[in-house]
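*Asks:* pasting the sequence and the predicted coordinates here, then a few questions.
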Amino acid sequence: MVNRFHIPGIKNLSYRLIHGRCILCQTPSRRDIDLCHPCEIELPWLINQCSCCALPLPMNHIQNRCGRCLRKPPDFHQCIAALCYDFPVDRLIAGFKHQKKLHYGAVLSKLWLDHCRDQLGTLPDALIPVPMHWRRRLQRGFNQSIILANDFGNALNIPVHHAIKHPRATHSQQGLSAAARRKNLHHAFAFLANADIKGKHLAVIDDVVTTTATANTMAAILARNGATRIDIWCLARTP
Ligand SMILES: [Zn+2]
Ligand SMILES: [Zn+2]
C-alpha cells in the first residue's frame with residue numbers, strides 16, 4: 001500500500017509508510033512491490049525461450065528459435081515475455097482478469113518491467129493494447145491489456161494508441177486448438193482508419209500469449225497498414 005502525503009512546498013512526495021503483504025504468501029513484503037523476495041525467486045521465470053516467439057525451450061535445445069519459427073517466422077519481430085504461464089502465475093493472471101484483483105496486475109506489470117527492460121533495445125513509438133469486444137469489457141469492467149499498456153507506457157514514456165478495435169464478438173480463446181483460434185479471430189479485429197502508424201515501430205500488449213494466433217493477427221493488420229516493426233510484449237508465455 002502506498003501512502004501519499006502532501007507537504008506544502010514539496011511536490012509529489014510519496015513514500016511507503018506501511019508495506020504491503022506478499023500476494024502469494026501473505027507475509028509483509030518489505031519492498032516496493034506486494035511480493036516478497038523468496039516468492040519472486042520461486043516464480044516460473046522464462047530462462048531458455050525462442051528468440052522470436054518466446055516459447056519455452058528445453059535447456060538442451062541447440063537453436064535459439066523454436067521449430068515453428070524456423071519453419072515459418074511469425075508476422076511479428078519478437079515476443080518479449082517474463083514468465084511461463086504456469087503455477088502460480090496462472091492463478092495471479094486469472095485473479096487479475098476474472099476477480100478484479102487489480103493489485104495482482106500491478107505486481108505483474110512491475111515484474112515485467114524489472115525483468116524485461118534490459119531486453120527491449122530500441123523502444124517502440126507506441127503501444128497497442130489487444131482490444132476486447134465491448135460486451136466482454138462490460139462484463140469484466142476493464143480490459144487488462146489496456147491496464148498493462150498504460151503501466152508500461154507510463155514507466156517507459158511511450159504513448160498508448162488504440163489502433164485496433166474488436167467489433168465482432170468471438171468465443172473465448174481458452175481451450176481452443178490453434179486452428180480453431182485462427183478461425184475464431186478471422187475478422188474479429190478491425191484497424192481504425194484514422195490511426196497513424198505508418199513507418200512506426202509498435203509493441204502489441206497482451207497478458208498471455210498462447211498459440212500466437214492473436215499476436216499474429218494483430219501484427220498482420222498493423223503491418224498491412226504501414227507499421228514497419230511489430231513486437232509483442234506479454235506477461236507470460238504458455239509452455
Ligand atoms: Zn511471499
Ligand atoms: Zn518460436
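*Replies:* Happy to help now that I have it. Numbering: from 1, shown residues only. Ligands and ions are numbered 1, 2, ... in the order given.

*Asks:* CA only for contacts and neighbour counts going forward, please
*Replies:* Will do.

*Asks:* which residues are contacting the longest helix along the chain?
*Replies:* In the chain, taking DSSP state H as the definition, the longest helix is helix 102-116. Outside helix 102-116, the residues that touch it by Cα atoms under 8 Å, 6 or more residues apart in numbering are 23, 33-35, 80-82, 92-93, 95-96, 144, 148, 151-152, 235.

*Asks:* got any ranges where this protein has weak pLDDT?
*Replies:* 1-19 (pLDDT under 70).

*Asks:* tell me where it has helices.
*Replies:* Going by DSSP H, the chain shows helices at 37-42, 67-71, 89-98, 102-116, 134-140, 144-156, 178-185, 213-224.

*Asks:* columns distance to ligand 2 and mean neighbour count on top of those helices, output as CSV?
*Replies:* Putting these into CSV (distance: least, Cα to the ion, whole Å; neighbours: other Cα atoms under 10 Å) gives the following:
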stretch, distance to ligand 2, mean neighbour count
helix 37-42, 25, 11
helix 67-71, 4, 12
helix 89-98, 21, 18
helix 102-116, 18, 18
helix 134-140, 30, 13
helix 144-156, 22, 19
helix 178-185, 15, 16
helix 213-224, 12, 20
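
*Asks:* residue 54 is nearest to which of the ones you listed?
*Replies:* helix 67-71 (10.1 Å; Cα to Cα).

*Asks:* with just CA atoms, put that closest one into CSV.
*Replies:* Provided in CSV are the C-alpha atoms of helix 67-71 (Å, rounded to 0.1, in the frame of the first residue of the first chain):
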residue,chain,number,x,y,z
GLY,A,67,10.9,-25.4,-34.7
ARG,A,68,7.8,-23.5,-35.8
CYS,A,69,9.5,-20.1,-36.0
LEU,A,70,12.4,-21.8,-38.0
ARG,A,71,9.8,-23.2,-40.5
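
*Asks:* circling back to that earlier point, JSON lines for the helices of the chain, including distance to residue 48?
*Replies:* Shown next, in JSON lines, are these (distance: least, Cα to Cα, whole Å):
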{"stretch": "helix 37-42", "distance to residue 48": "16"}
{"stretch": "helix 67-71", "distance to residue 48": "14"}
{"stretch": "helix 89-98", "distance to residue 48": "18"}
{"stretch": "helix 102-116", "distance to residue 48": "14"}
{"stretch": "helix 134-140", "distance to residue 48": "34"}
{"stretch": "helix 144-156", "distance to residue 48": "24"}
{"stretch": "helix 178-185", "distance to residue 48": "23"}
{"stretch": "helix 213-224", "distance to residue 48": "20"}
